[in-house]
Structures are given as structure tokens and as C-alpha cells.
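S.K.: Build me a structure from this.
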Amino acid sequence: MAIAVGLLGAFGMVGPAVTGGATLTTLGLLAISSLHGRSALTGLTRSVKQLGWEIGDRASADRLLGLSTPGVGFDLHLASDIRMTGVTLARTLRNHYAALQARLAAGATVRIALIAPHEATLAEAARRSTVASNPSMFEHRLRATLDLVDALAEQAATGTGRLEVRLLDFVPAFGLLAIDPKTSNGEAQVDIYSHRCGVPEPTLSLHADRDPRWFGHFLAEFDRIWAIGKPYEHAHR
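M.R.: From the prediction side, this is the model:
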């Protein structure tokens with residue numbers, strides 16, 4: 001617009017009044033455009049700040065933690081390295097039993113660490129859950145888990161997969177289900193145990209590429225637990 005008005009004025013086709021009016025109009029449009037740009041920049045800055053609050057270092061715990069669903073929704077169907085630890089793993093193992101069978105048949109390695117069926121360990125699990133008078137509850141859960149483990153061991157003995165099970169003389173502080181943890185696509189679900197039975201517990205989903213610090217932390221914790229566990233003698237019968 002400025003170029004057009006300037007040319008018309010230079011060739012005497014319009015008067016000074018028209019030229020001046022057009023110039024003022026152009027300047028006004030430029031001012032409005034500048035204000036709009038600043039407003040858009042302010043809005044963008046506000047949005048980035050809000051996004052930082054939502055996914056940054058000060059993200060709400062409600063966004064980071066979900067409700068534990070003992071492995072439900074965790075896809076094991078392509079995993080070649082599966083690791084689990086927990087108290088009895090009764091629901092987790094039951095929920096994934098068919099997938100574990102399939103992965104063992106396909107040659108995957110499955111490692112499971114859970115508490116030993118010893119009186120002292122069962123009593124500790126009961127005390128931790130504030131049901132000290134009822135350690136038999138954990139004994140029943142553990143017995144069902146070990147039955148499933150024995151069935152998986154029989155399957156592993158006839159296939160190319162490898163099942164390793166270790167028993168712990170202590171109660172782990174968290175539950176863990178990890179798949180392919182040594183790869184960039186590794187995933188893990190960490191269950192934070194509460195001191196009550198049968199209540200929803202918080203769970204934290206981790207990815208090796210997105211959460212390298214805490215993914216590595218819990219993987220190292222699994223390795224420590226695994227190192228001091230005792231091999232389950234009947235797992236490969």
C-alpha cells in the first residue's frame with residue numbers, strides 16, 4: 001500500500017491529502033500488527049510456562065502417578081526380556097500368564113523375584129500391611145503364584161525360552177514389571193506399596209528414553225534384589 005501511494009503521489013495522480021491519509025492508515029496498520037504480534041508472543045509465553053508446570057520439574061503428582069492395575073494394559077507380546085518383582089505377584093502373574101507362556105515359547109527370558117514362603121517373611125509382609133495377625137493371607141496368595149510359576153517352568157523346559165525365579169527373605173518396598181529394559185524402547189511400571197490391603201496403590205510408568213534417570217534407578221534396584229535372592233529349586237522341574 002505504501003509503495004502504491006508513493007508512486008501515485010510521485011506522478012501527481014493524487015493530492016497531498018490522499019497521500020497523507022494513506023500514509024497514516026499504513027502506519028496505523030503497522031502499529032496494530034505490532035500489538036497483535038506482542039499479544040501472540042505473550043500468549044505463547046504463557047502457554048509454554050503452563051506446559052512447563054504440567055510436564056516439567058514441578059509437574060503435578062496427579063499427572064505422574066496413576067492407579068495400580070497389576071500389569072493390566074502393559075503389552076508383553078513382543079518383549080524378549082521380562083522382569084518382575086513384588087511381594088506375591090499374585091494378580092500380576094495371573095493377569096499376564098497367557099502372555100508369559102507365549103513369550104517363553106518364542107524364546108524370551110523371564111525373571112521373577114518374590115518373597116519366600118517362610119514364616120518370618122510372611123509375617124513381615126503381614127506386619128507391613130498392618131494385618132500382623134493374618135500372615136496366612138500372604139501364604140495363600142504366594143502358594144497360588146508358585147503354582148503358576150511351576151506351570152510356566154514346565155512350559156519353559158520344552159521351549160527355547162528361559163524362566164528364572166528367585167525367592168526373597170525380605171519384603172520389597174515396591175513392585176516392578178519391566179520389559180526389554182536394556183533397550184531404548186524399554187518400559188517399566190513401578191507400584192508403590194501402601195500399608196493397607198485391597199486399596200488402590202499409586203503406580204509410576206517409566207520409559208528408558210524419556211525417563212533415563214529413574215528408569216535406571218529402578219532397574220538397578222531390581223538387579224540388587226535379584227543378586228541376593230535364592231533360586232527357586234522347583235521352578236525348572
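S.K.: Contact partners for the residue nearest in space to the middle of the chain?
M.R.: Centroid-nearest residue in the chain: residue 205, 1.4 Å away (criterion: CA atoms, centre = their mean). When contacts are counted by CB atoms under 8 Å, 6 or more residues apart in numbering, residue 205 touches 66, 187, 188, 189, 190. All C-beta spots, glycine's among them, are computed from the backbone N, C-alpha and C.
S.K.: Spatially nearest residue to the last one, not counting backbone neighbours?
M.R.: In space, and not counting its chain neighbours, residue 190 is closest to residue 204: 4.5 Å by CB to CB, 6 or more residues apart in numbering.
S.K.: Next: the third one.
M.R.: Closest residue to residue 188 apart from its sequence neighbours, by CB to CB, 6+ apart: residue 178 at 4.0 Å.
S.K.: that older thread, the host helix or strand of the residue nearest to the centre of the chain pairs with which strands, parallel or anti?
M.R.: Assigned by DSSP states H and E, residue 205 falls within strand 202-207. Next to strand 202-207 in the sheet, as set by DSSP bridges, lie strand 65-67 (antiparallel), strand 187-192 (antiparallel).
S.K.: and that strand, which residues are buried?
M.R.: 202, 203, 204, 206 (16 or more other CB atoms under 10 Å).
S.K.: can I get those in JSON lines with pLDDT and distance to residue 99?
M.R.: As requested, the buried residues of strand 202-207 are exported to JSON lines (pLDDT from 0 to 100; distance: CB to CB, whole Å):
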{"residue": "202", "pLDDT": "86", "distance to residue 99": "24"}
{"residue": "203", "pLDDT": "87", "distance to residue 99": "18"}
{"residue": "204", "pLDDT": "88", "distance to residue 99": "22"}
{"residue": "206", "pLDDT": "93", "distance to residue 99": "20"}
